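Colleague: how would this look folded up:
(4 chains)
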2 protein chains.
Amino acid sequence: MFMSKILIVDDERDIVELLSYNLEKEGFSIVKAYDGVSVFNVIATKKPDLMILDLMLPGMNGLDVCKKVRANPATAGLPVIMLTAKGEELDKIIGLEIGADDYMTKPFSVKELIARVRTILRRSQDKPETKLTEAFHYKGLAINYASCAVKIDSKPVTLSPMELKLLFFLSRNPGRVYSRNQLLDHVWGDDTFITDRAVDVHIRRLRSQIEKDMENPRYILTIRGFGYKFADTK
Amino acid sequence: MFMSKILIVDDERDIVELLSYNLEKEGFSIVKAYDGVSVFNVIATKKPDLMILDLMLPGMNGLDVCKKVRANPATAGLPVIMLTAKGEELDKIIGLEIGADDYMTKPFSVKELIARVRTILRRSQDKPETKLTEAFHYKGLAINYASCAVKIDSKPVTLSPMELKLLFFLSRNPGRVYSRNQLLDHVWGDDTFITDRAVDVHIRRLRSQIEKDMENPRYILTIRGFGYKFADTK
DNA sequence: TCCATCTGTCATCAAACTGTAACATTGACT
DNA sequence: AGTCAATGTTACAGTTTGATGACAGATGGA
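Modeller: The predicted model follows:
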């Protein structure tokens, strides 16, 4: 099995070196870029299998880079791991909406980054076509992922950031049951340290916004002993 | 749900006591070691689920302990949280050379340490991202493992957690007979201590939900003297 | 700065679940 | 048929789980 080629994009040379040293040690081959403008050239010529992208870049914002990569059909399938500084909470949402496959907040563990690179590569090899839907509709609940808009029976609902993320994640995998821990991993991210009971509370808050009958939820269902899921849409 | 066992390694007894008191209060069980040499014995005999390791130790440096733990395949997967004094070379600890899963600098907040312990355990426990079959169908019984949904002739059935687990396990190994004790091990887990007759009761409950004719079960069959099995699907 | 919102934790409560024990039934074998 | 062991059935009490409301710290904007 041949080893994947990874593109690292960051203006901080130290970080690029740190990552490329470690990833090379793991057998990956590395391509580098230090600003947002040259990225596209590199992608076109070197054809990397995965891109690690810093959010703050000279020339062009990381988000814009990601958008543009996604917009081009030739590169739309390129897996992206976004690097962000801590506290860019909102950007996390946007980053995922834009179509980053994962993100990590600085400072991060190199070991973990490598682990994620592996995971994402494995995933992208399994599922060649990951197309992100823009919108979702089910029984009067309308979700527009791109604009972060949620409506119940055509009436707009305002959700807090966490509620949005939770709803996005669950609705994107309808019918699938997730344990609290899995939700913590996927929705909150690995760098948070909170109790799994917090999930209950957010589920409840989300429900109170979108469910009419809290006793008999239509969208967010509880599977006792297992976790939660979005209703089976089939 | 069983609680994890945590090994605390530090030569400062005060710290060990502080941590073990607080972690025990959270429901973890604790094992202690006060020097680097005895650690390996303790790991081998007590099988902790996570190790909290001080960097400065008599006998053997914390880094070396960590390295050695990683070098041994039997213990390589043991999550490690490293305790360090401020200003030590953190890069080496995290990810690069050693492979600690996380670190905290002294003085640290006990609360935060507990939070990290939880997170790391969550991550290491959730690992089975195995690709199991998602669905199963046999003689009018439909099981969707991912969504925890069971249907009889297209009609949804609600099962309790244990019933679900039992059905999942048996149906994933159709035709194969399991004794009550084997079922206890596989379905309940190795660390439960209940009467094997409890299995009967659950089998009964499960049957009453999915079998039409309790006298002549179609799915869950009794093999007198041996145990139970899911019907042979071939 | 103050105020509103958001988040995570906790204590509490009701409902659902689970294990046990006692009793009933079945099946194998004499 | 009679006997014994294995299995089925039922009721019950203790435990677990998820829902809920309140609260304090954090965050961000005006």
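
Colleague: Spell out which parts of chain A neighbour chain B.
Modeller: Where chain A comes near chain B, counting by Cβ under 8 Å from any Cβ of the partner chain, the residues are A:18, A:22, A:109-114, A:175-177, A:179, A:181-182, A:184-185, A:190, A:192-196, A:223-226, A:229, A:232. Using the backbone N, CA and C atoms, a C-beta is placed for each residue, glycine as well.

Colleague: Any chance of a ChimeraX selection covering the buried ones in those?
Modeller: Here is the ChimeraX selection string for the buried members of these, based on 16 or more other Cβ atoms under 10 Å in any protein chain shown:
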select /A:18,22,109,110,111,112,113,114,175,176,177,179,181,182,184,185,190,193,223,226,229
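
Colleague: Among the residues of chain A next to chain B, which are located in helices?
Modeller: A:18, A:22, A:110-114, A:181-182 (DSSP state H).

Colleague: Need these in TSV (columns: distance to residue A:140 and pLDDT).
Modeller: Output for these, formatted as TSV (distance: Cβ to Cβ, whole Å; pLDDT from 0 to 100):
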residue	distance to residue A:140	pLDDT
A:18	50	81
A:22	49	83
A:110	46	75
A:111	45	72
A:112	40	72
A:113	41	81
A:114	44	82
A:181	31	90
A:182	27	89
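
Colleague: Out of those residues, which is nearest to DNA strand D?
Modeller: residue A:181 (11.3 Å; Cβ to the nearest atom of the strand).

Colleague: Return the helix or strand hosting residue A:70 as CSV; C-alpha atoms alone will do.
Modeller: Secondary structure assignment for residue A:70, by DSSP states H and E: helix A:62-71. Extracted C-alpha coordinates of helix A:62-71, given in CSV (Å, rounded to 0.1, in the frame of the first residue of the first chain):
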residue,chain,number,x,y,z
GLY,A,62,-8.5,29.6,5.4
LEU,A,63,-12.3,29.5,5.1
ASP,A,64,-12.2,31.0,1.7
VAL,A,65,-9.5,28.6,0.6
CYS,A,66,-11.7,25.8,1.8
LYS,A,67,-14.8,27.1,0.0
LYS,A,68,-12.9,27.6,-3.2
VAL,A,69,-11.5,24.1,-3.0
ARG,A,70,-15.0,22.7,-2.5
ALA,A,71,-16.4,24.8,-5.3
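
Colleague: buried stuff in that helix?
Modeller: The neighbour-count check on helix A:62-71 (16+ other Cβ under 10 Å) flags A:62-63, A:65-67, A:69-70 as buried.

Colleague: before we move on, what about stretch A:23-40?
Modeller: A:23, A:28, A:30-34, A:36, A:39-40.

Colleague: likewise stretch A:12-21?
Modeller: Neighbour counts over stretch A:12-21 (16+ other Cβ under 10 Å) mark A:15-16, A:18-20 as buried.

Colleague: quick one: contacts of that stretch?
Modeller: A:8, A:10, A:30, A:32, A:34, A:52, A:54, A:83, A:110, A:113, B:91 (Cβ atoms under 8 Å, 6 or more residues apart in numbering or on different chains).

Colleague: ditto for stretch A:37-56
Modeller: Here stretch A:37-56 makes contact (Cβ under 8 Å, 6+ apart) with A:4-12, A:15, A:19, A:31, A:33, A:59-63, A:65-66, A:68-69, A:75, A:78-85, A:88, A:91, A:95, A:100, A:113, A:117, A:120-121, A:124.

Colleague: What residues sit buried inside that stretch?
Modeller: Neighbour-count burial for stretch A:37-56 [16+ other Cβ under 10 Å]: A:39-40, A:42-43, A:48-56.

Colleague: if we can go back for a sec, point out the least confident one among the buried residues of helix A:62-71.
Modeller: Among the buried residues of helix A:62-71, residue A:63 carries the lowest pLDDT, at 73.

Colleague: Distance check, it against DNA strand D.
Modeller: Separation of residue A:63 from DNA strand D (Cβ to the nearest atom of the strand, to the nearest Å): 17 Å.

Colleague: try residue A:24
Modeller: Residue A:24 is 36 Å from DNA strand D, by Cβ to the nearest atom of the strand.

Colleague: what does residue A:204 give?
Modeller: Following Cβ to the nearest atom of the strand, the distance that separates residue A:204 from DNA strand D is 5 Å.

Colleague: helix, strand or coil for that residue?
Modeller: helix (DSSP: H, G, I helix; E, B strand; the rest coil).

Colleague: In contact with residue A:104, which residues?
Modeller: Residues in contact with residue A:104 (Cβ under 8 Å, 6+ apart) are A:81-84, A:112-113, A:116, A:191.

Colleague: can I assume it sits in a strand?
Modeller: Yes - counting by three-state DSSP, one finds residue A:104 located in a strand.

Colleague: Give me the domain ranges for chain A.
Modeller: As assigned by automatic domain parsing, chain A contains the domains A:5-126, A:135-230.

Colleague: what's the closest of those to residue B:138?
Modeller: Proximity of those to residue B:138 was assessed by Cβ to Cβ; the nearest stretch is domain A:135-230, lying at 20.3 Å.

Colleague: First-to-last residue distance for that closest one?
Modeller: 15 Å (Cα to Cα, to the nearest Å).

Colleague: Now the residue of chain A found nearest chain B. Nearest residue, chain neighbours left out?
Modeller: Of all residues in chain A, residue A:225 sits closest to chain B, at 2.7 Å by Cβ to the nearest Cβ. Using Cβ to Cβ, 6 or more residues apart in numbering or on different chains and skipping residues adjacent in sequence, the residue nearest residue A:225 is residue B:161, 2.7 Å away.

Colleague: That concludes my questions; thank you for your assistance.
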